[in-house]
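Colleague: Fold the following and give me the result.
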Amino acid sequence: TDAAGIFAKYVEPSEFSAIPAKDLTAKQATAMIRSVIEAGHKRTAAKLRAYLRAAYALAQGADTNPQAPAALVLFGVEVNPIASTAAIKNASGARDVTLTDDELGEVVRQLRARRAAAHDDALAAIELSLVLGGQRLAQVLRIEASDVDLEARTVVLLDPKGRREVARRHVLPLTDAAVELIEAINKVRRADWLFGEKNAAAAEGIKARGGQTHKDTVARKGAALLADVQAAVAARLGAKAPKRPKLEARDLRRTAETMLAGMGISKDVRAQLLSHGLGGVQGRHYDQHDYMAEKRNALQAWADRLQALADRKPAPSNVTELNRAA
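Modeller: Down below sits the predicted model:
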């Protein structure tokens, strides 16, 4: 997991790793987190602080929390030293970069061309994320073959974002484009994960669980793809090409929502489609509508838009809002 990776890289090699958890002071915790910031990883430092604070909070109340693992009681933690450390400001790394129509059309063309030439799990995950309206790549990477129902034309993603004790089931309808892509993935899949690395059993032709394709691999290959996309668009535009920031795979989700808004997809439907802003009282207890018809209409409109961009066709000028299906 992300937490295990951060701990292995920044906590275990540090001078503080030998200190019993109950004896770690706020100053020592601050020094450990500060070293990550000084190494140039502010966002990672903020995540480390959050993971440490949550772990200490659980251990601190383990004596009186029957749901806490019994092993935590043995740590004897009575105070949470991380609670006294200052929050790290401006660590979110928020971006406002969106792809242009030219760039997104080139992304679609290059993803399809590369898929036709050779299967690549990372690029296939990026393509599925995009086809599904800009889903979070981390959630797409967790899709298992059993989460896909091609007969019902649905896929289930698990959304653990926010303070959910149980991940939210995020059900999406599959367009023809999504079904075609998943069928192509299934032909070469060698693990229970939709995007999984081959293990020893898989090398012998046996489908096995294997390991998930790692998000860092997807980020790296996505950055390389987008660099090629920017170069292709710049070459086509020549002197007319504007200066653009370096694109990242995570920019695709922001681009998708921005374009969906421009297509007239309402904010409520976009929230259901992209699984965000649904943690309030209304969403949890009162609005039990499944929004499948609205999501299906929105994803079909999105599939048509992606195809138009791939074909270099201009956006329609008479877009109207897509609300609930009649």
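Colleague: quick one: contacts of the longest helix anywhere in the chain?
Modeller: Longest helix in the chain, counting residues (DSSP state H): helix 215-237. Where contact means C-beta atoms under 8 Å, 6 or more residues apart in numbering, the residues beyond helix 215-237 that reach it are 100, 102-103, 106-107, 110-111, 114, 120-123, 125-126, 137-138, 141, 241, 244, 246-252. Just so you know, the C-beta spots here come from the backbone N, C-alpha and C atoms, and that holds for glycine as well.
Colleague: now do stretch 112-128
Modeller: Stretch 112-128 is contacted by residues 111, 135, 137, 140-141, 143, 178, 181-182, 184-185, 188, 194-197, 213, 217-218, 220-222, 225, 249, 252, 310 when judged by C-beta under 8 Å, 6+ apart.
Colleague: at 6 Å instead, please
Modeller: If you take C-beta atoms under 6 Å, 6 or more residues apart in numbering as the criterion, stretch 112-128 is touched by 111, 140-141, 181, 185, 188, 195, 213, 217-218, 221-222, 249.
Colleague: which of the residues you listed sit farthest apart?
Modeller: V188 and A249 (21.3 Å; C-beta to C-beta).
Colleague: higher neighbour count, the two?
Modeller: The neighbour comparison of V188 against A249 (other C-beta atoms under 10 Å) goes to A249, with 22 against 11.
Colleague: ok, back up a step: what mean pLDDT does the longest helix of the chain get?
Modeller: Per-residue pLDDT values over helix 215-237 give a mean of 94.
Colleague: Buried residues, that helix. List them.
Modeller: Using 16 or more other C-beta atoms under 10 Å as the test for burial, helix 215-237 gives 215, 217-219, 221-222, 225-226, 229-230, 232-234.
Colleague: now stretch 125-135
Modeller: By 16+ other C-beta under 10 Å, the buried positions in stretch 125-135 come out as 125-135.
Colleague: any idea of the mean pLDDT for it?
Modeller: 97.
Colleague: go on, stretch 55-75?
Modeller: Mean predicted confidence for stretch 55-75 is 88.
Colleague: Could you pull out the buried residues of that stretch?
Modeller: For stretch 55-75, by 16+ other C-beta under 10 Å, it's 55-56, 58-60, 62, 72.
Colleague: which residues sit against that stretch?
Modeller: Outside stretch 55-75, the residues that reach it (C-beta under 6 Å, 6+ apart) are 21-22, 77, 80, 82.
Colleague: Dump those residues to TSV, plus distance to E151.
Modeller: As requested, the contacts of stretch 55-75 are exported to TSV (distance: C-beta to C-beta, whole Å):
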residue	distance to E151
A21	50
K22	54
V77	50
N80	50
I82	48
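Colleague: In space, what's closest to V108 - neighbours in sequence excluded?
Modeller: Nearest residue to V108 in three dimensions, chain neighbours excluded: A310, at 4.2 Å (C-beta to C-beta, 6 or more residues apart in numbering).
Colleague: I'd say the one you found and R109 touch.
Modeller: Yes. Counting by C-beta atoms under 6 Å, A310 does reach R109; the two are 5.3 Å apart.
Colleague: relative to helix 215-237, how tilted is the strand or helix carrying A116?
Modeller: Using DSSP states H and E, A116 sits within helix 101-117. Taking axes from the mean of the first three to the mean of the last three C-alpha atoms, to 10 degrees, one finds helix 101-117 and helix 215-237 inclined to each other by 120 degrees.
Colleague: Would you quantify the distance from H214 to D2?
Modeller: For H214, the distance to D2 equals 10 Å [C-beta to C-beta, to the nearest Å].
Colleague: swap that for L157, please
Modeller: 17 Å.
Colleague: got it, and D96?
Modeller: Taking C-beta to C-beta, one finds D96 at 24 Å from D2.
Colleague: So for the two, which sits in the more crowded spot?
Modeller: More neighbours surround D2 than the other of D96 and D2, with 11 against 8 (other C-beta under 10 Å).
Colleague: quick one: the residue nearest to the more buried one when sequence neighbours are not counted and H41, what's the gap?
Modeller: Excluding the flanking residues, the one nearest D2 by C-beta to C-beta, 6+ apart is K47, at 7.1 Å. Using C-beta to C-beta, we find K47 at a distance of 9 Å from H41.
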